[in-house]
Structures are given as structure tokens and as C-alpha cells.
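# Show me how the following folds:
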Amino acid sequence: MANKVLSIELGDSLIKICEMDYHVKNPKIYHSFVIPTPQSMIMDGVITKNEIFSNIFHKVLEQNHIKTRKVIF
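Just a heads-up that it's a prediction; the model follows:
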């Protein structure tokens with residue numbers, strides 16, 4: 001069985017999250033979803049600590065039954 005990783009792409013307006021296989025020839029996507037980026041999270045290209053995002057992120061992972069600890073940005 002292949003290792004699963006969480007792939008995260010941070011954008012100004014949206015954050016794309018995808019759980020997929022890692023180090024395989026044909027990766028499989030298990031879960032994929034998009035959440036809005038909180039207003040004050042990215043300032044001049046720098047990611048700031050944001051409690052609102054942290055709470056939303058943990059709830060979304062829990063709702064989608066994602067338990068992997070490996071992350072790729």
C-alpha cells in the first residue's frame with residue numbers, strides 16, 4: 001500500500017487540499033476539497049498564524065475522515 005500525503009496549495013482567495021498517494025507511478029486521489037482563505041491570513045505573500053483558519057482546517061479534515069500526518073505544500 002502506498003503512503004498517503006496531504007497536498008496543500010495556499011492562494012489569496014482559496015486553499016486547495018488533496019489527500020493522495022505519494023511515491024507511486026500512478027497516484028490516486030482519495031479526498032479533494034477547497035476552503036476559502038481567511039482575510040488576514042496572507043499579508044504581502046507571508047502566511048500569518050490564524051486561529052480561524054486553524055479551527056476551520058481541523059474541522060474540514062475531521063469531516064472528511066483524513067488522518068494522515070504527512071503534508072506537502
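# partners of the lowest-mean-pLDDT helix or strand in the chain in the sheet?
Taking mean pLDDT, DSSP states H and E as the measure, the helices and strands of the chain show their lowest mean at strand 42-43, namely a mean of 81. Based on DSSP bridges, the pairing partners of strand 42-43 within the sheet are strand 46-47 (antiparallel).
# Quick check: mean pLDDT of stretch 55-73?
For stretch 55-73, the mean pLDDT works out to 90.
# Just the endpoints, please. Distance across it?
Between the opening and closing residues of stretch 55-73 there is a gap of 19 Å (CA to CA, to the nearest Å).
# what does stretch 45-58 give?
Counting by CA to CA, you get 23 Å between the two ends of stretch 45-58.
# same deal with stretch 22-41?
Across stretch 22-41, the straight-line distance between its terminal residues is 28 Å, by CA to CA.
# what does stretch 41-54 give?
Across stretch 41-54, the straight-line distance between its terminal residues is 10 Å, by CA to CA.
# Equivalent analysis for stretch 28-42, please.
Using CA to CA, the gap from the first to the last residue of stretch 28-42 comes to 30 Å.
# Name the residues of that stretch that come out as buried.
For stretch 28-42, burial by neighbour count (16 or more other CB atoms under 10 Å) applies to H31, T37, M41, I42. Yep, even glycine has a C-beta here, placed from its N, CA and C like the rest.
# so F53 makes contact with M41?
Yes. Applying CB atoms under 8 Å, one finds F53 in contact with M41, separated by 5.4 Å.
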